[in-house]
Structures are given as C-alpha cells and as structure tokens.
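In: Need coordinates for the following:
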Amino acid sequence: MRLDKFLKVSRLIKRRTVANTVSEMGRVLVNGNPAKPAKQLKAGDIIEIEYSNRVEKVEVLIIPSGNVSVQEASTLYKEIGE
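Out: Sure, this is the predicted structure:
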C-alpha cells in the first residue's frame, strides 16, 4: 500500500491530499529516510511524521487491503515512544 493511502486509512493524517503535501515537504520519514507519497509500505516499517510541535513515530503492523473502520484503524500501527 502507498504511504499516502496508509496515512489516510490509518487516520494518522486526516486527508490523503494532506498526506501527499506533508510527504513532498520531506516531513515524513520511513525507516529514517525521507519518503515520497508513492513509497510502498510493508509490515515492520517505521514511520516518523514531523508535525509543527511534535514528532509521531509508529511501526506498521498490518497493511490493509482497503479502507477499514474507525475501530480497526488503530490496530494497523503501534506507537513507538522516543
């Protein structure tokens, strides 16, 4: 699954267009490297999202085949403490 789609489906970022913009700005890292929106993710990847006042770091646990419910969205990743 593409990075921008995963960010939207997992509800880490509210809209896919915002996920695209943030990725293009270099504020999303996958396994420590800047990632484009089309980056293909796999289970075990570490995503870091730089917001204006904080950094959120998560590990991808499951790659869904499509959209998921709100309850399932939080099971797609695990937050990693700094």
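In: now the strands for this protein?
Out: Using DSSP state E, the strands found in the chain span residues 28-30, 33-34, 46-50, 55-60, 77-79.
In: Name the residues that touch the least confident helix or strand in the chain by mean pLDDT?
Out: Least confident helix or strand, the chain: helix 70-73 with a mean of 90, by mean pLDDT, DSSP states H and E. With contact meaning C-beta atoms under 8 Å, 6 or more residues apart in numbering, helix 70-73 is reached by Val9, Ser10, Arg11, Pro64. To be clear about C-beta, it is placed using only N, CA and C from the backbone, and glycine gets the same treatment.
In: can you tell me which residues contact Thr21?
Out: Not one residue lies near Thr21 by C-beta under 8 Å, 6+ apart.
In: so how far is Arg15 from it?
Out: Separation of Thr21 from Arg15 (C-beta to C-beta, to the nearest Å): 9 Å.
In: again, but for Lys78
Out: 23 Å.
In: Over to Val28?
Out: Counting by C-beta to C-beta, the separation of Val28 from Arg15 is 14 Å.
In: if you count what's nearby, which of those two comes out ahead?
Out: Val28 (24 against 11; other C-beta atoms under 10 Å).
In: in the chain, what residue sits furthest out from the centroid?
Out: For the chain, the largest distance from the centre (C-alpha atoms, centre = their mean) belongs to Asn53, which lies 17.5 Å off.
In: quick one, what contacts the residue positioned nearest the centre of the chain?
Out: Centroid-nearest residue in the chain: Leu7, 3.8 Å away (criterion: C-alpha atoms, centre = their mean). Counting by C-beta under 8 Å, 6+ apart, Leu7 makes contact with Ile13, Arg16, Ala19, Val28, Ile47, Ile49.
In: What is the burial count for the nearest residue to Ile63 once chain neighbours are set aside?
Out: Distances taken as C-beta to C-beta, 6 or more residues apart in numbering put Met1 closest to Ile63, at 5.0 Å, once the chain neighbours are dropped. Using other C-beta under 10 Å, Met1 has 18 other residues around it.
In: Hmm, Met1 is touching Leu41, no?
Out: Yes: the pair Met1 and Leu41 qualifies as a contact (C-beta atoms under 8 Å) at a distance of 5.7 Å.
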